[in-house]
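Colleague: how does the following fold in three dimensions:
(4 chains)
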Protein chains: 2
Amino acid sequence: MEKSLKRMATMHKMQVTGLELFYKQGYYNTSVDDILKKLSLSKGAFYYHFKSKEDFFISILQSLVVKKVYSMLIEPIEGHDNPIDLISNCLEEVLQTAEHNENDYGFVLHNFITEFNGKNPEIMKYLNDTLKVWEVNLVSTLQRGKFNGYVDRHIDCEGVASYIISSFMGVRTLMVEGSATSLRYRYMQQIRFYLRAMAHKQVA
Amino acid sequence: MEKSLKRMATMHKMQVTGLELFYKQGYYNTSVDDILKKLSLSKGAFYYHFKSKEDFFISILQSLVVKKVYSMLIEPIEGHDNPIDLISNCLEEVLQTAEHNENDYGFVLHNFITEFNGKNPEIMKYLNDTLKVWEVNLVSTLQRGKFNGYVDRHIDCEGVASYIISSFMGVRTLMVEGSATSLRYRYMQQIRFYLRAMAHKQVA
DNA sequence: AAAATAACCGACTAATGGGTTTGGTTGTTT
DNA sequence: AAACAACCAAACCCATTAGTCGGTTATTTT
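Modeller: Sure, this is the predicted structure:
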């Protein structure tokens, strides 16, 4: 194999496994050796490619998490259809994959934010930025909805966006331990109820 | 001081400081020495009173967290007034103290649940039980509301309860890092909007 | 083929943390 | 005065972990 390709392949393997374990067990609770053991790679290989554990983690955020956030949380709500439907369906989709994969990236974000809060400002910056991208996109989707006549124009888009994010994060926390399916079902009912209430009132 | 009183005083000091540090830095990221250093106490004292770090943590849950959950999240929503108002005001209250103390106990619960998920079943049991107490109480408050004619009788009380908990946990996660005041304000507006929508429809 | 270098190995270090033990001190109770 | 509870101080054990470093293997370049 070509050298630079091999480099990338190895780095990528490490990142994927790293994310998996960091997510499952927590960053501080996962050792570099844990990751290497799973891949049958050595410490030398790891520190050949990455400066430090922290550096490694940031590279994961940049190359894996951000992309997934885009493909799962942002792209699905773009377009000019009814944003209320787009958002509902997107959340439903994400929660369904979460139920089986237990690896949706909105929650990955949330999980890490909880873990690093007040401990590592450097990493928190990256996490918050990524979360902000989601938030900004929700806001602009809602605003587009106002413009297109789908959303009532009295709605506070920023408020709704951060409320959606809040409730989503919360329900994902509960889903990890509790009965995921019924939680998802209930949550989707409630959020649909909530979102429908802000649809543009059609005069009959 | 009387012996048993002194014992309790020391244990209590350790528990309070322990909770503070566990909450701020995480359980796994806080050493027993960290706690003892802050109190100028010795390891001997610690292991004289507690069997282990885990035993110590469980004692904190039992003697501090549970009580606070009752006084902050459960007692305020008891009574026969409009449950929609009771719940809204209770959440507002808790978020306000959270903003200044950064130590409300609904979130303490959430924070630990996130940390111990899949790592320590023993501790998770205590956390989930405590959370369940809150949930059960929300449900029965809502049901009482139906009975008293405050809440629309088509409402799914379990669904609403877990949705309230979800969104609350989520917003508290965001409040730690983001601009707490505006988040709280927005969140309260949205949850009030949501809750009002399930009020019993009075015929004018 | 030889030199150069990229990729990788794994033993080791230094530090940390949970937990134990021990020997002694102070204050209270009986 | 004897007994005991509530500590202190410090050494110590054992396991874990981030990071280092000298050396080896594989691949590319000359």
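Colleague: can you get me a residue count around residue A:160?
Modeller: Residue A:160 has 22 neighbours, counted by other C-beta atoms under 10 Å in any protein chain shown. For glycine as for every other residue, the C-beta is placed from the backbone atoms N, C-alpha and C.
Colleague: that one should be in a helix, yeah?
Modeller: Yes: assessed by DSSP: H, G, I helix; E, B strand; the rest coil, residue A:160 belongs to a helix.
Colleague: contacts only, for it.
Modeller: A:138, A:142, A:198, B:190 (C-beta atoms under 8 Å, 6 or more residues apart in numbering or on different chains).
Colleague: tell me which helix or strand of chain A sits lowest on mean pLDDT?
Modeller: helix A:105-116 (a mean of 84; mean pLDDT, DSSP states H and E).
Colleague: wait, does it contact DNA strand D?
Modeller: No: between helix A:105-116 and DNA strand D, judged by C-beta under 7 Å from any atom of the strand, nothing touches; the nearest distance is 13.4 Å.
Colleague: quick one: buried residues of whatever helix or strand comes next after that helix?
Modeller: Following helix A:105-116 in sequence order, the next helix or strand is helix A:121-147 (DSSP states H and E). If you call a residue buried by 16 or more other C-beta atoms under 10 Å in any protein chain shown, then helix A:121-147 has these buried ones: A:123-124, A:126-128, A:130-131, A:134-135, A:137-139, A:141-146.
Colleague: near chain B, which of those residues show up?
Modeller: Subset of those in contact with chain B: A:124, A:128, counting by C-beta under 8 Å from any C-beta of the partner chain.
Colleague: in TSV: the contacts of residue A:160, plus pLDDT.
Modeller: Shown next, in TSV, are the contacts of residue A:160 (pLDDT from 0 to 100):
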residue	pLDDT
A:138	97
A:142	97
A:198	91
B:190	94
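Colleague: ok, those residues vs residue A:53, which is closest?
Modeller: residue A:138 (32.4 Å; C-beta to C-beta).
Colleague: and stretch A:58-66, how far apart are its ends?
Modeller: End-to-end span of stretch A:58-66 (C-alpha to C-alpha, to the nearest Å): 11 Å.
Colleague: care to break chain A down by domain?
Modeller: A:1-50, A:60-196 (automatic domain parsing).
Colleague: how far does the shortest one sit from its chain's centre?
Modeller: The chain centroid and the centroid of domain A:1-50 are separated by 21 Å, computed with C-alpha atoms, centre = their mean, to the nearest Å.
Colleague: does chain B sit close to the least confident helix or strand of chain A?
Modeller: Yes: under the criterion of C-beta under 8 Å from any C-beta, chain B is reached by helix A:105-116 at A:110-111, A:113-115.
Colleague: and that helix, C-alpha only, in CSV?
Modeller: This file holds the C-alpha atoms of helix A:105-116, laid out as CSV (Å, rounded to 0.1, in the frame of the first residue of the first chain):
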residue,chain,number,x,y,z
TYR,A,105,-23.9,12.1,16.8
GLY,A,106,-26.2,14.6,18.4
PHE,A,107,-25.9,12.6,21.6
VAL,A,108,-22.2,11.9,21.2
LEU,A,109,-21.9,15.7,21.3
HIS,A,110,-24.0,16.0,24.3
ASN,A,111,-22.2,13.2,26.1
PHE,A,112,-18.9,14.8,25.6
ILE,A,113,-20.1,18.2,26.6
THR,A,114,-21.3,16.8,29.9
GLU,A,115,-18.0,15.1,30.5
PHE,A,116,-15.7,18.0,29.6
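Colleague: so what's the residue lying closest to residue A:120 once chain neighbours are set aside up against?
Modeller: Leaving aside its sequence neighbours, residue A:120 sits nearest to residue A:54 (C-beta to C-beta, 6 or more residues apart in numbering or on different chains; 7.4 Å). When contacts are counted by C-beta under 8 Å, 6+ apart, residue A:54 touches A:120, A:122-123.
Colleague: which pLDDT value goes with residue A:54?
Modeller: On the pLDDT scale, residue A:54 is placed at 97.
Colleague: how about it, secondary structure?
Modeller: helix.
Colleague: element containing the nearest residue to residue A:42 once chain neighbours are set aside?
Modeller: Nearest residue to residue A:42, sequence neighbours excluded (C-beta to C-beta, 6+ apart): residue A:36, at 6.4 Å. Per DSSP H and E, residue A:36 falls inside helix A:32-39.
Colleague: anything in that helix near DNA strand D?
Modeller: Yes: under the criterion of C-beta under 7 Å from any atom of the strand, DNA strand D is reached by helix A:32-39 at A:32-34.
Colleague: tell me which residue in chain A sits closest to DNA strand C.
Modeller: residue A:44 (1.8 Å; C-beta to the nearest atom of the strand).
Colleague: understood, closing this out.
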